[in-house]
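Visitor: what follows is a protein structure lacking sequence information:
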């Protein structure tokens with residue numbers, strides 16, 4: 001199947017409440033355009049400068065999501081156009097996003113990344129820091145916290161993955177009623193998105209099922 005057909009098939013298979021982020025990191029403008037032709041309008045990148053280069057040349061109705069770990073000194077390169085930042089994991093980063101959003105006189109939507117995996121390498125806020133970060137975010141007028149994001153442990157153990165996703169859903173549910181804009185739970189990738197949806201995910205990040213294996 002080509003990229004357009006695979007994208008259409010995946011979109012059709014998803015429940016209506018689940019948003020698909022097509023992970024286009026390392027993929028060419030031509031490849032992204034095929035997914036765009038299938039109706040996909042949300043694309044996720046993990047390198048800010050690569051995303052900015054694609055934003056320059058691709059249609060302006062694309063919603064660009066930054067899905068990778070964000071270095072504070074790179075926020076300025078995407079502040080003009082990024083629609084959603086998935087991996088906000090520190091107050092320092094939140095402060096920089098506010099600064100750059102204000103410069104461009106726009107509001108940037110963000111997800112707070114919560115550490116749910118057992119792997120030490122995964123980024124994310126500890127759950128006990130979440131309340132403090134949410135309170136601080138309320139003082140930043142150019143930031144809108146729209147939900148949470150988390151990545152499960154990279155394992156074949158589906159029970160462990162489900163347990164980690166369920167833990168994040170429980171945390172999300174504690175805060176979801178406090179604001180109408182707090183409505184996004186981003187969890188699930190190509191290998192585990194079906195488990196994530198079953199556990200309550202409203203946004204999945206899928207690359208290889210659309211574009212094939214990642215380019216090096």
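Guide: Alright, I've got the coordinates. A quick note: this is a predicted structure, and the numbers were derived from the prediction, not measured.

Visitor: and the next element down the chain from the longest helix anywhere in the chain?
Guide: Secondary structure of the chain read by DSSP state H shows that its longest helix is helix 158-176. The C-terminal neighbour of helix 158-176 among helices and strands, as given by DSSP states H and E, is strand 184-189.

Visitor: number of nearby residues for the closest residue to residue 27 other than its chain neighbours?
Guide: Take residue 27 and drop its neighbours on the chain: the residue closest to it by C-beta to C-beta, 6 or more residues apart in numbering is residue 211, 5.1 Å away. For the C-beta atoms, the positions are set from N, CA and C on the backbone; glycine is no exception. The number of residues packed near residue 211 is 24, by other C-beta atoms under 10 Å.

Visitor: distance check, residue 211 against residue 101.
Guide: Here residue 211 is placed at a distance of 30 Å from residue 101 (C-beta to C-beta, to the nearest Å).

Visitor: now do residue 152
Guide: Look at residue 152 and residue 101: by C-beta to C-beta, they are 30 Å apart.

Visitor: before we move on, what SS does the residue nearest the centre of the chain have?
Guide: Closest to where the C-alpha atoms of the chain average out (C-alpha atoms, centre = their mean) is residue 86, at 3.7 Å. At residue 86, secondary structure determined by DSSP: H, G, I helix; E, B strand; the rest coil is strand.

Visitor: residue 2 touches residue 33, doesn't it?
Guide: No. Between residue 2 and residue 33 there is no contact under C-beta atoms under 8 Å: 11.9 Å.

Visitor: between the two, which one's more packed in?
Guide: Set residue 2 next to residue 33 and count neighbours by other C-beta under 10 Å: residue 33 wins out with 14 against 10.

Visitor: ok but the more buried one is inside a helix, no?
Guide: Yes. Under three-state DSSP, residue 33 falls within a helix.

Visitor: so what's it closest to, chain neighbours aside?
Guide: residue 58 (7.3 Å).

Visitor: and the one you found, how far is that from residue 116?
Guide: Residue 58 sits 32 Å away from residue 116, going by C-beta to C-beta.
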